[in-house]
Every structure is written in C-alpha cells, then in structure tokens.
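Visitor: Quick one, fold the following:
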Amino acid sequence: MGSLGLAVGLSMLSAASYAAAAVAQERLAEHGHRGRARWATALVLTAAGVLLHVLALNFGTVAVVQALGTLTLLFALPISALRYHVRIGPVSWLDAGLTVAGLALILSLSVDSGRPALLSGPDGRYLSLATLVTVVVIGGGAWFAGARMRAVMLAAAAGVAFGIASVLSKAVMATVTDSGVDAISPFIVTMVVIFSVVGYLLGQLSYKGAGLAAPLATVSVVNPVAAAIAGVVVFDERFRFGHGGLAVVGIAAVVITWGVIGLSRRTAVAGTTTESEDRPADDAEPVEVHAEPKPDPEAEPTPH
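Guide: Now for the predicted structure:
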C-alpha cells in the first residue's frame with residue numbers, strides 16, 4: 001500500500017474513532033460524568049483518534065488528511081441513527097454523498113511536494129505567531145457578537161487552532177523520520193499542545209447557548225481549510241494541473257462544506273429530537289386551566 005493509501009486508511013480509522021468517542025462522551029454527560037469505565041472508554045477512543053490522525057499526517061499531505069477528518073460527521077450519521085432510533089432520510093444520504101465526492105476530488109488532485117515536511121525555527125515561530133494573533137482576534141471579537149455569531153466565531157477560532165496544531169504535528173513527525181527524536185523542537189511541541197488545548201476549550205465554549213449544528217459545521221470546515229493553506233505555504237504542497245486543479249479543489253471544498261453543514265444539522269436534529277421526547281413531564285410548561293367559578297351556597301342570589 002502506498003503512502004496515500006496509508007494516509008486514507010489511517011484517517012478513516014481516526015474519524016471512526018473520533019465518532020465513537022463523541023458517542024462515549026455523550027453517554028458520559030448523560031450520567032453526570034460519573035463512572036470510571038465511561039471515562040476510560042471516552043479517553044481511550046479520543047487518544048486512539050489523535051494517534052491515528054498524527055500517523056496519517058506522516059504519510060499524506062495536510063490537505064488530504066485534514067479533509068478526511070470531516071468523515072467523523074459521516075460516521076456520526078449512522079451512529080446517531082442507531083443511538084436515537086431515527087431513520088436516515090434521502091437528504092442525509094445526499095449530504096453524505098456530496099462530502100465523499102468532494103473528498104474524492106481532493107484525493108485525486110493532491111500531490112506531495114516530494115521533500116520532507118520540515119519546519120525551520122523561524123518558520124515555526126512565524127506560523128505560531130500568526131496563528132495566535134488569528135485565534136485571539138477571532139475569539140476576542142466573538143464576545144462582542146450575538147449568541148449565534150459568537151458560537152460561529154469561537155468555533156472558527158477553534159478550527160484554526162486545531163488545523164495549525166495538525167500542521168505542526170506533521171512537522172514533528174517529519175523531523176523524527178528525518179533526523180531522529182533528538183532533533184525535535186521543544187517550541188514546536190509546546191505549540192502543538194497549546195493549540196490543541198486552546199482549540200478544545202474554544203470548541204466547548206462555542207456550543208454554549210447556540211445549539212450543536214452551527215459550531216460543529218464551522219469547526220469541521222475551518223479546520224481543514226486553515227491546515228491546507230498552511231500546508232501550501234510552509235510545506236509547498238501542490239495540486240495537479242496547476243491553476244485549473246486548484247480551481248477544482250476550490251469547488252470540491254465548497255461541495256464538502258455543503259455536505260458537512262447538512263450532516264452536522266442532521267446529527268444535531270437527531271439529538272434534539274430525542275431530548276425532547278425524553279424530557280420528563282415535570283419539565284413541561286404549566287398550562288393554565290380557566291374553569292368557571294363554583295357558586296357560593298351562602299352568597300345571596302343575584303336578582304334578575
């Protein structure tokens with residue numbers, strides 16, 4: 001199996017692991033974050049997803065691996081259907097088909113630069129600084145926006161942080177392969193950890209008060225876009241057929257975005273529907289019943 005095949009296989013396994021981890025985390029939340037077995041399951045699945053994702057970055061371009069990360073939503077669709085006992089409708093399958101079609105286009109046009117994805121000290125610092133500024137500006141501006149726009153902006157900041165963390169992780173893996181563990185830059189490793197933690201926290205904040213669909217779609221789209229741009233700039237990653245191929249990749253990105261937004265909405269609606277059905281009767285809003293007042297037997301009759 002070639003490098004691209006390994007990257008695709010590992011990315012798909014990573015996406016499936018992330019989707020299963022999301023289900024485990026949801027069940028953990030349902031039980032008040034109690035239970036060691038539930039905690040262990042969620043952590044193991046998440047760690048497996050991270051490890052498989054990093055390994056995939058070592059075999060494929062950032063654009064390909066990050067784009068394949070959107071398959072998490074594709075795997076979440078049947079999991080949500082089984083979890084919430086809902087039927088997968090034709091529109092959902094159309095969204096899934098659009099996502100896969102866009103990914104197939106990107107895979108067919110992606111070309112590795114042919115050189116190790118090494119990142120020099122200055123380039124690593126410039127990329128980290130630019131990312132920090134971008135995340136701070138978008139995340140800071142979110143607090144001056146309305147609830148829905150705040151969620152979208154926080155999710156966008158999280159997507160940028162996650163995308164660049166993947167780019168830096170690829171650089172670390174390339175350094176290990178090329179020069180050994182001793183050549184790893186502590187600064188780059190530190191920035192990977194910082195961007196991963198910041199992305200996670202911003203992602204959690206983005207779900208507060210705005211539902212699931214908008215933040216989930218935003219982070220799923222911004223993440224691969226930010227990583228692909230950084231990959232082209234710092235690793236010289238290219239696509240076939242020059243500007244024509246780049247235009248087709250742009251169209252594919254739009255198709256994937258359309259599919260991802262649809263998938264995130266289907267996943268969110270499934271959870272919302274079940275929550276509404278499972279809500280206890282005590283939580284229902286009280287209904288005022290206006291009844292005719294009973295006559296007082298001791299009251300004097302009103303003359304007609």
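
Visitor: count of residues packed around the residue nearest to T99 when sequence neighbours are not counted?
Guide: Nearest residue to T99, sequence neighbours excluded (CB to CB, 6 or more residues apart in numbering): G259, at 3.4 Å. Bear in mind the C-beta positions are built from the backbone N, C-alpha and C, glycine included. A count of neighbours around G259, defined by other CB atoms under 10 Å, yields 23.

Visitor: repeat for the one 4 residues further on
Guide: For L263, the count of nearby residues is 28 (other CB under 10 Å).

Visitor: ok, it - contacts?
Guide: Counting by CB atoms under 8 Å, 6 or more residues apart in numbering, L263 touches 73-74, 76-77, 92, 95-96, 99.

Visitor: Please repeat the previous calculation with a cut-off of 7 Å.
Guide: Counting by CB atoms under 7 Å, 6 or more residues apart in numbering, L263 touches 73-74, 77, 95-96, 99.

Visitor: Name all residues that make contact with the residue nearest to T99.
Guide: Going by CB under 7 Å, 6+ apart, G259 touches 95-96, 98-99, 102.

Visitor: what sits against S220?
Guide: S220 touches 70, 73, 260, 264, counting by CB under 7 Å, 6+ apart.

Visitor: go again using 10 Å as the cut-off
Guide: 69-70, 72-73, 99, 155, 159, 162, 256-257, 260-261, 263-264 (CB atoms under 10 Å, 6 or more residues apart in numbering).

Visitor: Pipe these into JSON lines and attach secondary structure and pLDDT per row.
Guide: Formatted as JSON lines, the contacts of S220 follow (DSSP: H, G, I helix; E, B strand; the rest coil; pLDDT from 0 to 100):
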{"residue": "G69", "secondary structure": "coil", "pLDDT": "82"}
{"residue": "T70", "secondary structure": "coil", "pLDDT": "79"}
{"residue": "T72", "secondary structure": "helix", "pLDDT": "78"}
{"residue": "L73", "secondary structure": "helix", "pLDDT": "74"}
{"residue": "T99", "secondary structure": "helix", "pLDDT": "81"}
{"residue": "A155", "secondary structure": "helix", "pLDDT": "87"}
{"residue": "G159", "secondary structure": "helix", "pLDDT": "89"}
{"residue": "F162", "secondary structure": "helix", "pLDDT": "90"}
{"residue": "I256", "secondary structure": "helix", "pLDDT": "83"}
{"residue": "T257", "secondary structure": "helix", "pLDDT": "82"}
{"residue": "V260", "secondary structure": "helix", "pLDDT": "79"}
{"residue": "I261", "secondary structure": "helix", "pLDDT": "79"}
{"residue": "L263", "secondary structure": "helix", "pLDDT": "74"}
{"residue": "S264", "secondary structure": "helix", "pLDDT": "71"}
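
Visitor: Which of the contacts of L263 are buried, as a PyMOL select command?
Guide: A single PyMOL command selects the buried members of the contacts of L263 (16 or more other CB atoms under 10 Å):
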select buried, resi 73+74+77+95+96+99
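
Visitor: Farthest pair within the contacts of L263?
Guide: Using CB to CB, those span at most 9.8 Å, a distance reached by L77 and T99.

Visitor: Now for the two: what residues contact both?
Guide: Looking at what touches both L77 and T99 (by CB under 10 Å, 6+ apart), the common residues are 262-263.

Visitor: which SSE is Y200 in?
Guide: Element membership for Y200, per DSSP states H and E: helix 186-206.

Visitor: where's R150 relative to G180, distance?
Guide: Taking CB to CB, to the nearest Å as the criterion, R150 is separated from G180 by 45 Å.

Visitor: And for V260?
Guide: To G180, V260 is 38 Å away according to CB to CB.

Visitor: Same question for Q66.
Guide: 26 Å.

Visitor: Looking at these two, which one has more neighbours?
Guide: For Q66 versus G180, the count of surrounding residues by other CB under 10 Å is larger for Q66: 29 against 9.

Visitor: wouldn't the more buried one be in contact with A15 here?
Guide: No: between Q66 and A15 there is no contact under CB atoms under 10 Å: 11.1 Å.
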